[in-house]
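# show me the folded form of this:
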Amino acid sequence: MSNLKQQGIKALIWDFSGKVAAQGVGFIISLFLARLLEPEEFGLVAMIMVIIGMANVFSDVGLGSALIQRRKVLPIHYSSVFYFNIFVGLMLTLATYFSACWIAAFYQNDALIPLTQAMSLSFVVNAFSSVQTTKLRKDLNYAALSKANFLASFAGGALGIWLAFQGAGVWSLVTQMLASGVIFNVLIWSMSRWKPSLLFSVKALIQLWGFGFRMFLAGLLDAVFTKLDFMIIGKLFIPVTLGYFQRAKSLNSLLVQYSSESFISVLFPLLSQVKNDLPRFQNINLKMIEIICFGAFFLSG
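Okay, here's the model as predicted:
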């Protein structure tokens, strides 16, 4: 068995087991929160997450995927993308913060204003770990990613439950999400060997832009079509209805998370390493398609 094949299988196992573990903890946490909070409070957060989810597409405009796809990546590429992401994250935070009144007016719910302003911080928080996450994916080091995701989900969820017990209401959900992001940052910075240097180059960003822009457009279309139903339901119905819909759809998405998502997540960096070896590239691609189709046949039942 080749070293790359061993890395791929190991990465797949870690990614899949990490998702199962994190989702298991998340499911238990959601049971506690569902007993402590009202459906309306879940609906309010779901309204905000529609905007956050769509805006997240602009966080690195596909440059992270371009780093994974590019065969020869220099330190200046990583550092340039890191500082670019921090800048974009800050701009998205400011734009979302000052647009909170308009977002609340769209949904006709003033309770969204302070919640949106608080959740706007997630753009800056996520920006600090984006390049470390990308580099770990490129190196197929899914063990570190899975551990960090699990621990961050557990710690953030525990804090959310404690706040819900204290009567914090919807703020326990907001704090849970932000705390999970901060904890993930701390863990991923400690696990990743890469640290940003003072290097920055617009030329390096332009070199990544060709592939990154295509990934950005694909991500934008995906965000629109996966979030559009939340936006419509949030606009036409009361927050309670959206809260029920959000919980139902999150359960429905488990099938995708535990099937093709893990394969695709690992397949992208794996194929990027052999893209110049066309026969090997085609062989790996066909095998993975066969595995996904075989699994989907049974899962679709």
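
# check S300 and give its pLDDT.
Looking at S300, its pLDDT reads 66.

# any low-confidence regions in this structure?
Along the chain, the model assigns pLDDT under 70 to residues 1-2, 4, 251-263, 295-296, 299-301.

# same thing but 50
Within the chain, the segments meeting pLDDT under 50 span 1.

# in the one helix or strand T241 maps to, what's buried?
Using DSSP states H and E, T241 sits within helix 239-252. Using 16 or more other CB atoms under 10 Å as the test for burial, helix 239-252 gives 239, 242-247, 250. C-beta here means a position set from N, CA and C on the backbone, and glycine is covered the same way.

# how about JSON lines for those residues, with distance to F84 added?
Converted to JSON lines, the buried residues of helix 239-252 look like this (distance: CB to CB, whole Å):
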{"residue": "P239", "distance to F84": "36"}
{"residue": "L242", "distance to F84": "34"}
{"residue": "G243", "distance to F84": "36"}
{"residue": "Y244", "distance to F84": "39"}
{"residue": "F245", "distance to F84": "35"}
{"residue": "Q246", "distance to F84": "32"}
{"residue": "R247", "distance to F84": "36"}
{"residue": "S250", "distance to F84": "31"}
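
# now L208: how far from D60?
10 Å (CB to CB, to the nearest Å).

# neighbour count winner among the two?
Counted by other CB atoms under 10 Å, L208 and D60 do not tie: D60 has more neighbours, with 27 against 24.

# quick one: the more buried one from W209, how far?
In terms of CB to CB, D60 sits 11 Å off from W209.

# residues in contact with the helix holding T241?
Outside helix 239-252, the residues that touch it by CB atoms under 8 Å, 6 or more residues apart in numbering are 30, 34, 38-47, 109, 229-230, 233-234.

# if any of these are buried, put those into a PyMOL selection.
Applying 16+ other CB under 10 Å to the contacts of helix 239-252, the buried members can be selected in PyMOL as follows:
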select buried, resi 30+39+40+41+42+43+44+45+46+47+109+230+233+234
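
# tell me the buried residues in stretch 199-211?
204-205, 207-208, 211.

# sorry, back to before: now for L208 and D60: what residues contact both?
Jointly contacting L208 and D60 under the rule CB under 8 Å, 6+ apart are V81.

# now G167. Its backbone dihedrals?
phi 90, psi 20 (degrees, to the nearest 10).

# and it, how far is that from F84?
As for G167, its distance to F84 is 41 Å (criterion: CB to CB).

# same question for L159.
Taken as CB to CB, the span from L159 to F84 is 31 Å.

# of these two, give the one with the bigger neighbour count.
Neighbours per residue (other CB under 10 Å) separate L159 from F84, with F84 holding more: 22 against 17.

# from S120, how far off is that one?
19 Å.

# before we move on, what about L217?
For L217, the distance to S120 - CB to CB - is 24 Å.

# more neighbours: which of these two?
S120 (22 against 13).

# can you tell me the closest non-neighbouring residue to the more buried one?
T96 (3.8 Å; CB to CB, 6 or more residues apart in numbering).

# wait, the one you found sits on A118?
No: if you go by CB atoms under 8 Å, T96 and A118 don't touch, sitting 10.2 Å apart.

# more neighbours: which of those two?
Taking neighbours as other CB under 10 Å, T96 and A118 compare with T96 leading, 21 against 17.

# residue contacts, R280?
V274.

# ok, now V45?
115, 170, 173-174, 177, 246.

# in strands, which of those residues fall?
Within the contacts of V45, no residue falls in strands by DSSP state E.

# just curious, which of the residues you listed is nearest to I76?
Closest to I76 out of the contacts of V45 is M177 (32.9 Å), distances taken as CB to CB.

# gap between that closest one and K195?
26 Å.

# apart from its neighbours in sequence, what residue is nearest I86?
A127 (5.0 Å).

# go on, L67?
That would be T134: by CB to CB, 6+ apart, it lies 5.2 Å from L67.

# so how far is the helix or strand harbouring the one you found off the chain centroid?
Using DSSP H and E, T134 falls within helix 130-138. Centroid separation between helix 130-138 and its chain, computed with CA atoms, centre = their mean, to the nearest Å, is 12 Å.
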